[in-house]
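> Please work out how this folds:
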Amino acid sequence: MRKFLAIFCLVLLSSCGSGGDSDNTGKCSALELTDSPAEKIVNGTPCSGLTKSPVVAILKNTPDGKTGLCTGTMLSPNKVLTAAHCLDGAASIDILFGVTADKFAYVTASSWNIHPTFSRAGFIDDVGIVHSPVSLPVPNLPILSSSAPKIGDKVSIFGYGATSGGAEIDGKLRAGSMTIGGVDTGKIYAYFDASYSNTCSGDSGGPMLLQVGGQQAIVGTTSYGSSTNCAVGELSGFSNLQSPSTQSFIRSVAPDARYQ
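Numbers count the residues shown, from 1 in each chain. A predicted model of the protein is given here:
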């Protein structure tokens with residue numbers, strides 16, 4: 001498989017978090033993964049137990065031979081939700097998934113779909129679906145449709161990206177938490193302060209999860225950050241999966257996705 005240390009990373013964003021306790025927001029346990037006994041980085045926690053992880057890594061291979069890292073979430077055994085900018089301009093896409101507690105295998109995608117009205121100007125409709133040619137042996141997550149995310153909701157974020165601006169990406173899944181600071185039809189926004197976590201390079205396409213009725217559901221996907229340093233005060237933008245345009249797109253290309 002590819003070595004993460006050889007990756008030329010996208011400078012477009014996320015972080016990580018998820019399970020059993022009453023408030024597991026921002027914890028690996030929200031996805032029934034194990035918190036690693038390692039130092040927290042960028043207010044995130046490294047996760048292990050990757051065979052249970054619906055959060056996978058996405059490698060975008062471009063025609064010029066470069067590779068960029070993003071994050072995705074399994075919607076069904078062979079469909080992965082990620083950001084459109086993680087797929088735009090790709091020559092091929094690889095999906096990396098857990099096959100042991102801390103090791104990956106990969107499969108090359110058979111195809112992918114980018115939201116038809118995606119625009120890098122403002123990262124409008126920044127959503128895409130990757131299709132695996134085989135069913136992957138990892139869990140999947142539902143999309144939240146029964147209630148709307150709102151300002152003040154505490155959410156979990158997950159990703160394989162950097163732990164700070166300019167840091168080397170090590171390819172580890174991490175979990176963190178944020179508080180929703182704004183919601184509109186197409187986007188969910190969160191500000192990074194020192195008490196919570198933030199997204200960073202390589203986390204693009206990763207899930208924002210909200211616990212509803214004891215279950216984790218996807219409310220958004222990491223789209224962009226207001227700076228490249230992932231520092232305190234940054235604004236992170238997430239694609240709002242309850243946007244009618246986004247819901248229509250996902251239902252058309254991933255009809256086997258689950259909803260909660």
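> okay, CA-based contacts and neighbour counts for the rest of this
Noted.
> Any stretches of this protein with poor pLDDT?
Applying pLDDT under 70 to the chain flags residues 1-22, 35-44, 101-102, 164-168.
> Show me the helices in it, by range?
Assigned by DSSP state H, the chain shows helices spanning 244-253.
> For the residue in it sticking out farthest from the centre, give its distance to residue 90.
Largest separation from the mean C-alpha position in the chain: residue 64, at 25.2 Å (Cα atoms, centre = their mean). Distance, residue 64 to residue 90, by Cα to Cα, to the nearest Å: 10 Å.
> what's the answer for residue 239, then?
Residue 239 sits 21 Å away from residue 90, going by Cα to Cα.
> now do residue 221
Look at residue 221 and residue 90: by Cα to Cα, they are 19 Å apart.
> Then residue 217?
Distance of residue 217 to residue 90, computed by Cα to Cα: 28 Å.
> Compare residue 239 and residue 90 (neighbour count), which wins?
Set residue 239 next to residue 90 and count neighbours by other Cα atoms under 10 Å: residue 239 wins out with 30 against 18.
> so that one touches residue 185, yeah?
No - here residue 239 lies out of contact with residue 185, judged by Cα atoms under 8 Å, at a distance of 9.2 Å.
> Which stretches in the stretch 101-250 of the chain count as strands?
Ranges of strands in the stretch 101-250 of the chain, per DSSP state E, counting those that start in this stretch, are 104-108, 111-114, 128-131, 154-159, 174-183, 187-191, 207-212, 215-225, 235-240.
> Nearest to residue 143, out of the ones you listed?
Closest to residue 143 of the strands of the stretch 101-250 of the chain, according to Cα to Cα: strand 215-225, at 4.6 Å.
> Tell me the helices and strands packed up against that closest one.
When contacts are defined as 3 or more Cα pairs under 8 Å, 6 or more residues apart in numbering; DSSP states H and E, strand 215-225 packs onto strand 207-212, strand 235-240.
> at 10 Å what do you get?
Applying 3 or more Cα pairs under 10 Å, 6 or more residues apart in numbering; DSSP states H and E, one finds that strand 215-225 contacts strand 67-76, strand 79-82, strand 154-159, strand 187-191, strand 207-212, strand 235-240.
> Let me know the angle separating that strand from strand 235-240.
Angle of strand 215-225 versus strand 235-240, following axes from the mean of the first three to the mean of the last three Cα atoms, to 10 degrees, is 130 degrees.
> show me what contacts the spatially most central residue of the chain?
When the chain is reduced to its mean C-alpha position, the closest residue under Cα atoms, centre = their mean turns out to be residue 206, at 0.5 Å. Contacts for residue 206 (Cα atoms under 10 Å, 6 or more residues apart in numbering) come out as 13-16, 55-58, 70-73, 81-83, 157-161, 199, 218, 220-223, 238.
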